[in-house]
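1. Quick one, what's the 3D model for this:
(2 chains)
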Amino acid sequence: MTVVLHPRAAPADRLRVWVGVFDVGTAPPLQWFLDSVPTSPTALRSLASARTDAMLPRGANPASVPRSFTGVYEFTGLDANRSYTVAVHAGAVGATATLRTLPIEVPRVFDGAFTVLLVSCFHRDEDPAGLAGTIVSRLPAARRPDLSLLMGDQVYLDLPTLRDFRDDETWLAEKFERDYIMNWSGTPGYAQILDAAPSVSLPDDHEYWNNYPHPSPMIGNSLSAGGRGRWARAAIAMEEAFQRPYPASVEHPLVLNIPPLSFFFPDTRTGRDPARGFTMHPDALTRMHAWVDGVIARRDFPVFVSGQSLYSPPVGSFSGAVKDYELPNYRDYGAVLGELGRLTDAGVPALLLTGDVHWGRVTETRDTRSNRTSMYEIISSPASLVTTVGADQVSAVGAWLGGLFGRPKSWPRHSDPETPPDLLAREVFGPRFHNTIHHGQRGNHVALLRFARRGDGLEFTVTYWPITRDAALAAPVDLGPFTLRWE
Amino acid sequence: MMNILSSSASRPSTGLRKATRAKGEDNLTWLTRHKPEGDGSVIVLLGGTSPTAFRLRVAQSHLRHDLHPSSWSHVVLLDGWARRPASTRLHEIRLEGPNIADYPPPTNAVQTGRLATYADPARYPNIAVLRVPVPPKELRAALARFRMQRTVLDAVDLVVRWLAFCWGVAGTGNPLLGGYGIPTAAMLDVVMGAAGFDLTPGLESRASCPEAIWQSAKWWHEYYEKQKLPALDGAYVVAHKLMED
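-> Prediction:
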């Protein structure tokens, strides 16, 4: 039996912890301690098997099947911005972690900064030595994150590409559970990223399969409705067990306020409509409307976090069917952007954070009506680039040949950042919003946003932190400060 | 062009009074006559005629829609009022004049001087005195931290960039276009911001400069009213223009 703890993001007066108990047949009773005092936290997800009984081998006694049990627990009534030691015992085995509550508000300049780590797209097979986790765990003290946003593809359940995936819910669930355990435990590795700060996870397609919920030609199981159903049930069970930011749900996205910042975390993948009606559950869109109202009423600064970029143009039906549909390929895109447009109309710039695309980019969007900055989009992707069978081998040969002629190519498998479209969502807004790229980042990286209050506004910097051992490529890239201010 | 917003105000602030200089009056007497009343801190904008001031005034033309040179080259923060106006202490980051050769890193380039330096209306024909609604005690505390924290804003870096520009070293371009504010204004912007006051709401960067502060006083009064803050108010005289309007 192994017990693992990871911090989860919560309001400043509480701690949330995810607990995993691996390799047991039944859920053991847990004893919790806060600063060595026995405590009974509130269960947001009581310790339960990641795999439902229906996903266990047919005929097996559930108690005899070693598997993972996970839960999310909350300690309330705590001081903001303070460290606490949380310990959990499951019989003779346990885990201890020193966790910090979030600050009650963003500090002013001179009083420090509120630092947010942005991570997406982590393929463990390309980082077997755990370099991403090691680098994040060794960030200088002044750059340590207060909050981590894991913005999709924390696991690649549909890989390796050439493996034969059985069209069997039991087999799939066990495979997916193992994928999660590999990333969620052990150091050095991704678990160090999960431990770097309280985190919020949002799933993207590889938490399910490439282009979920649509059929993908690379995923044989996805070509039939039954196959998609079996895969989806197994993958959703794992997302719920390992990643879901309880008490949030697909219908009721997490909102996190660290005044004057207000974060909104919609899951635009899990409940995605196969008929391309919506990416965000209709109830979540209603919640987004309420969130926008609240931001405007409190004069907060909004942060919208998503698993894909709102700036990506829609893809054609062939590309969508083969690769992945983009957010504008769904009919709720206009409604989602309409909510962000309400923020612009009210006079507040929004931050849009995302991953997915396998390069980093900072884009500023200017409203031609007011000539004010209305949005910044910050993309951080990938932390460890996924293997692409065929293309990787071609890139490696190209890089080797380039090296022969004295032109070794850095990050040979990675693509260059794309420039954003000149106009944001022309089909929704017309020619109103103009985009300007500030920076493009190539290669594996994470990003850090550092916020501080200045005057009645906020300023932030963006730092791209390369994930590499190559000293020539490892220097962090600092951008900004950028200013956010209400009109 | 620089990222500077136009205010939506249709009229300049009525809190800013044009106050001509009496014949033979020096800047100290003018300041004494127009000393702002009420709570808050006081900053003084200055427009000089030296070659360095000329370079600074022209560099700031990018903040103006007409691209005319600015009337202002410098700004200082007064530390109260001394009985003798000439002795009034002030905080600034100078690019010319006394003590320019001092070693700036220990104070993040901040210098403390006296108002007497700016008494001569021939050297500083343009002057404006502005009241900022921030308690002096809070500004002093913020300024003390500014001196110690180059990581928040490295004013020494700004000094070197601006001296290189003002002295025409190695083809150095206008630092404002690269987002580097004129050091004394950038310092005031950060210090005021730390005390909760936005000195230059028209700027979307830290590239502050005396012209941006002037535009705040002249055009951004409605913004401050919306924030339920008193707008900047005070008096000014502009006796030297590099171009006619």
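2. Need the pLDDT of the closest residue in space to residue B:32 that isn't next to it in sequence.
-> Nearest residue to residue B:32, sequence neighbours excluded (C-beta to C-beta, 6 or more residues apart in numbering or on different chains): residue B:85, at 5.3 Å. Just so you know, the C-beta spots here come from the backbone N, C-alpha and C atoms, and that holds for glycine as well. pLDDT recorded at residue B:85 is 95.
3. if I pick residue B:85, what's in contact with it?
-> B:28-29, B:31-32, B:115 (C-beta atoms under 8 Å, 6 or more residues apart in numbering or on different chains).
4. and chain B, which residues reach chain A?
-> Selection of chain B residues close to chain A by C-beta under 8 Å from any C-beta of the partner chain yields B:3, B:5-6, B:142, B:145-146, B:149, B:151-152, B:190, B:192-194, B:196-199, B:201, B:203-206, B:223, B:227, B:229.
5. Is the residue of the stretch 51-200 of chain A at minimum distance from chain B in a helix, a strand, or coil?
-> Minimum separation of the stretch 51-200 of chain A from chain B (C-beta to the nearest C-beta) falls at residue A:110, amounting to 4.2 Å. The three-state assignment at residue A:110 reads coil, by DSSP: H, G, I helix; E, B strand; the rest coil.
6. Now it: closest residue in space, sequence neighbours ignored.
-> residue B:145 (4.2 Å).
7. Is the one you found located within a helix, as I assumed?
-> Yes: the assignment for residue B:145 by three-state DSSP puts it in a helix.
8. isn't it right next to residue B:190, touching?
-> No: in this structure, residue B:145 is not within contact of residue B:190 by C-beta atoms under 8 Å, at 9.7 Å.
9. So if I had to pick from those two, which one is more boxed in?
-> residue B:190 (27 against 17; other C-beta atoms under 10 Å in any protein chain shown).
10. Okay, now the unreliable bits of chain B?
-> B:1, B:99, B:101 (pLDDT under 70).
11. Can you pull up the most central residue in it?
-> Centrality entry for chain B: nearest residue to the mean C-alpha point is residue B:75, 2.7 Å, by C-alpha atoms, centre = their mean.
12. wait, doesn't it sit right on residue B:48?
-> No: counting by C-beta under 8 Å, residue B:75 does not reach residue B:48; the two are 11.5 Å apart.
13. what's the distance between residue B:22 and chain A?
-> 36 Å (C-beta to the nearest C-beta, to the nearest Å).
14. what about that residue, how many neighbours?
-> 10.
15. Surely it forms part of a strand?
-> No: Residue B:22 sits outside any strand when classified using three-state DSSP, being coil.
16. which residue sits closest to the residue in chain B that chain A sits nearest to in space, ignoring its chain neighbours?
-> Using C-beta to the nearest C-beta, the single residue of chain B nearest to chain A is residue B:198, 2.9 Å away. Nearest residue to residue B:198, sequence neighbours excluded (C-beta to C-beta, 6+ apart): residue A:455, at 2.9 Å.
17. okay, the one you found: pLDDT?
-> Residue A:455 is given a pLDDT of 92.
18. Endpoint to endpoint, stretch A:49-69 covers what distance?
-> One end of stretch A:49-69 sits 4 Å from the other (C-alpha to C-alpha, to the nearest Å).
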